[in-house]
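J.: Okay, structure incoming, though there's no sequence with it:
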């Protein structure tokens, strides 16, 4: 970063800064780029946020120092002008202009980091919503399956409980979940018979029982969440013009009320 030199108004002093990039690249004080790791490692969202926070903190320090340096240079310039009997000036010397350019670049970097941070947080929130939606969908399917079990005759249900297959020796075909392999059918039928209805309780005892449904559930949950997000975005965009119009109307009404009040006051003074 170029640090302004107040004693030499048209000179700048380079103040090297060490920075760490998202890709794991360290910029040393001399300006050399040294790979922190030769192998690229995909960072988790949490680590990406930490990296962005660190870089943002470094840039904010640079912005603070540079802003103070620019202000100090302006003060020194006007003090020097005063000694020569000249009035203060608002025009920036080259050193201040270059400092302002650098400040704009730093602020742009800061805004870019903030945008990245919001995008990552948005993605995290979307992932959490999809996970919750998957659980909701699976519970719905489980409720539907248990309703199918409830409608079976005693012999058919007992056959599934004992061996995981129907009395005819076939896999149970569920309208809610689809074809159940014997292990899944047996475990779920036992859970139904024992009165266990909550997904969390079933997965606690059989954590991998429904893993073959994961891809389909993820796809369905993602479609649902993306649709909800799109609908919410659409409602927000539709509401924005109405909000602006309401604010404008309130402003006009307030201005009209203020004008009426002023006119009334003037009339009283005339009377």
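T.: Received, thanks. Just so you know, these numbers come straight off a predicted model, no measurement behind them.
J.: Which parts of this protein are helices?
T.: Secondary structure of the chain, counting by DSSP state H: helices at 45-83, 94-151, 154-163, 182-193, 199-205, 214-270.
J.: do you know how far the residue lying closest to residue 162 once chain neighbours are set aside is from residue 226?
T.: Leaving aside its chain neighbours, residue 162 sits nearest to residue 186 (7.7 Å; criterion: CB to CB, 6 or more residues apart in numbering). For the C-beta atoms, the positions are set from N, CA and C on the backbone; glycine is no exception. Distance of residue 186 to residue 226, given as CB to CB, to the nearest Å: 36 Å.
J.: Those two: who's more crowded?
T.: Neighbour count, other CB atoms under 10 Å: between residue 186 and residue 226, residue 186 has more, with 19 against 13.
J.: Tell me which residues touch that one, please.
T.: Applying CB atoms under 8 Å, 6 or more residues apart in numbering to residue 186 gives the contacts 160-164.
J.: tell me the average confidence for stretch 223-233?
T.: Mean per-residue pLDDT for stretch 223-233: 88.
J.: what's in contact with it?
T.: Residues from elsewhere that reach stretch 223-233 (CB under 8 Å, 6+ apart): 126, 129-130, 133, 137.
J.: which parts of that stretch are buried?
T.: Within stretch 223-233, the residues that count as buried by 16 or more other CB atoms under 10 Å are 224-225.
J.: centre of the chain versus that stretch, how much separation?
T.: Counting by CA atoms, centre = their mean, to the nearest Å, stretch 223-233 is centred 16 Å from the centre of its parent chain.
J.: repeat for stretch 44-58
T.: Relative to its parent chain, stretch 44-58 has a centroid offset of 13 Å by CA atoms, centre = their mean.
J.: hmm, back to that, between the contacts of residue 186, which sits nearest residue 201?
T.: Nearest to residue 201 among the contacts of residue 186: residue 161, at 17.5 Å, using CB to CB.
J.: Leaving out sequence neighbours, find the closest residue to the closest one.
T.: residue 189 (4.6 Å).
J.: Can you report how many residues neighbour that neighbour?
T.: For residue 189, using other CB under 10 Å, the count is 25.
J.: I'd like to know how far residue 68 sits from residue 61.
T.: 11 Å.
J.: how does this protein divide into domains?
T.: Per automatic domain parsing, the structural domains of the chain span 2-121, 152-209.
J.: of all the ones you listed, which lies closest to residue 239?
T.: Between residue 239 and the domains of the chain, the shortest separation by CB to CB is 20.7 Å, and it involves domain 2-121.
J.: hang on, the earlier thing: ranking the contacts of residue 186 by neighbours, who comes first?
T.: Within the contacts of residue 186, most neighbours by other CB under 10 Å means residue 160, with 24 neighbours.
J.: Tell me the confidence at that one?
T.: Listed pLDDT for residue 160 reads 94.
J.: nearest residue to it other than its sequence neighbours?
T.: Using CB to CB, 6+ apart, the closest residue to residue 160 is residue 189 (4.3 Å).
J.: Would you confirm that the one you found contacts residue 157?
T.: Yes. Assessed by CB atoms under 8 Å, residue 189 is found in contact with residue 157 at 6.4 Å.
J.: what do those two both touch?
T.: With CB under 8 Å, 6+ apart as the test, residue 189 and residue 157 both reach residue 149.
J.: Identify each buried residue in stretch 102-122, please.
T.: Within stretch 102-122, the residues that count as buried by 16+ other CB under 10 Å are 102-103, 106, 109-110, 113, 116.
J.: what about it, distance to the chain center?
T.: 13 Å.
J.: try stretch 65-85
T.: With CA atoms, centre = their mean, you get 42 Å for stretch 65-85.
J.: got it, and stretch 113-128?
T.: The chain centroid and the centroid of stretch 113-128 are separated by 2 Å under CA atoms, centre = their mean.
J.: Give me the mean pLDDT for that stretch.
T.: Here stretch 113-128 scores 88 as its mean pLDDT.
J.: Give me the contacts around it.
T.: Contact with stretch 113-128 is made by 45, 48-49, 52-53, 55-56, 59, 225, 229, as judged by CB under 8 Å, 6+ apart.
J.: from these, which would you call buried?
T.: Buried among these (16+ other CB under 10 Å): 48-49, 52, 55-56, 59, 225.
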